[in-house]
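Novice: Sequence first, then the predicted structure, then my questions.
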Amino acid sequence: MTIYREERQQLIDCARKMERYALVVLSGGNVSMRMPDGNFLVTPSAMGYDNMQPEDIVLIDASGRTLDGIRRPSSDSAALLYIFNHRPDINVVLHTHQPYATALGLVCDELPADFVTVIDELNGAVAVAPFTRSSDEGMGQLTVQYAGSARAVILKHHGAMAFGKSIDQALSAAVYLESACKSYLAALSTGLDIAKLTDEQIADESQERGYYGQPEN
Ligand SMILES: [Zn+2]
């Protein structure tokens, strides 16, 4: 019996949603999750998500050693572990090659907090981290350095890292990042002045109102 079978399937389901929301193509990107025992589940290196099985997901320890798995873990594992090891509040990291965020990273230093989705789902403006080569721990170091309180970082010339306490939170961050980058690029492409929210409006929007969503049973 495969340890963490249910959680492995959750990683696969998440990766397929990343594909459905056009955040990755083919075997691009990866999904990783902190487990209660202090180890990590990571999607395998260079495998498409369509036929991925729970057995293909790899369990690694905090130093990157494979504990359980028949595949090689993502080549970005060192970067992912750097994030997990330096941000104990993060349980799930998604790495994507989402096109609109990547495009924005070529022309801007940040996605500003001028959208309610960026304030509500990403916890504020998303920074663009400078280029570092892929499959390198530097990707993780820059993510930690540039994240601030946001739930994502855009990796220049590459893609994005989105993260959160849960798969749902990390996936929401990645999807809303993409949709806001699309809107911002559309606004920029007009060449007209871009409207800004004031710091007061951003602070007011970020206040919990206690209504959004459904009550817990
Ligand atoms: Zn990548």
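Specialist: Noted; the coordinates are in hand. All values reported here derive from a predicted model rather than from experimental measurement.
Novice: Next, the contact list for the residue minimising distance to the centre of the chain, please.
Specialist: Closest residue to the average C-alpha location of the chain: residue 162 at 1.7 Å, with C-alpha atoms, centre = their mean. Contact analysis of residue 162 by C-beta atoms under 8 Å, 6 or more residues apart in numbering lists 93, 94, 96, 151, 152, 170, 171, 173, 174, 177. Just so you know, the C-beta spots here come from the backbone N, C-alpha and C atoms, and that holds for glycine as well.
Novice: pull the CA atoms of the helix or strand where it lies into PDB?
Specialist: Residue 162 belongs to strand 159-164 when elements are defined using DSSP states H and E. The C-alpha trace of strand 159-164 is given here as PDB (Å, rounded to 0.1, in the frame of the first residue of the first chain):
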ATOM      1  CA  GLY A 159       6.800  31.500 -14.700                       C
ATOM      2  CA  ALA A 160       5.500  31.800 -11.200                       C
ATOM      3  CA  MET A 161       5.500  30.300  -7.700                       C
ATOM      4  CA  ALA A 162       2.100  30.300  -5.900                       C
ATOM      5  CA  PHE A 163       1.700  29.000  -2.400                       C
ATOM      6  CA  GLY A 164      -0.500  28.800   0.600                       C
END
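Novice: Identify the residues contacting the lengthiest helix in the chain?
Specialist: Across the chain, the longest stretch assigned as helix under DSSP state H is helix 167-189. When contacts are defined by C-beta under 8 Å, 6+ apart, helix 167-189 is touched by residues 10-11, 14, 17-18, 21-23, 31, 33, 92-94, 96, 98-101, 103-104, 107-108, 111-112, 114-115, 117-118, 121-122, 126, 151-152, 154, 160, 162-164, 194.
Novice: pLDDT on it, on average?
Specialist: The predicted model gives helix 167-189 an average pLDDT of 98.
Novice: Near the spatially closest residue to residue 148 that is not a sequence neighbour, how many other residues are there?
Specialist: The shortest distance from residue 148 to any non-neighbouring residue, by C-beta to C-beta, 6 or more residues apart in numbering, is to residue 127 (6.7 Å). By the criterion of other C-beta atoms under 10 Å, residue 127 has 20 neighbours.
Novice: circling back to that earlier point, any idea what the residue nearest to the centre of the chain is bridged to?
Specialist: In this entry, residue 162 is beta-bridged to residue 94, residue 152, by DSSP bridges.
Novice: what about it, distance to residue 114?
Specialist: From residue 162 over to residue 114 the distance is 19 Å, taken as C-beta to C-beta, to the nearest Å.
Novice: Let me see the contact set for residue 81.
Specialist: Taking C-beta under 8 Å, 6+ apart, one finds 40, 60, 62, 63, 64, 140 in contact with residue 81.
Novice: May I have the phi/psi pair for the second one?
Specialist: With angles defined as degrees, to the nearest 10, residue 60 shows backbone torsions of phi -120, psi 160.
Novice: Give me the buried subset of the contacts of helix 167-189.
Specialist: By neighbour count, with 16 or more other C-beta atoms under 10 Å, these hold 10-11, 14, 17-18, 23, 31, 33, 92-94, 96, 98, 100-101, 104, 108, 111-112, 114-115, 117-118, 121-122, 126, 151-152, 154, 160, 162-164 as buried.
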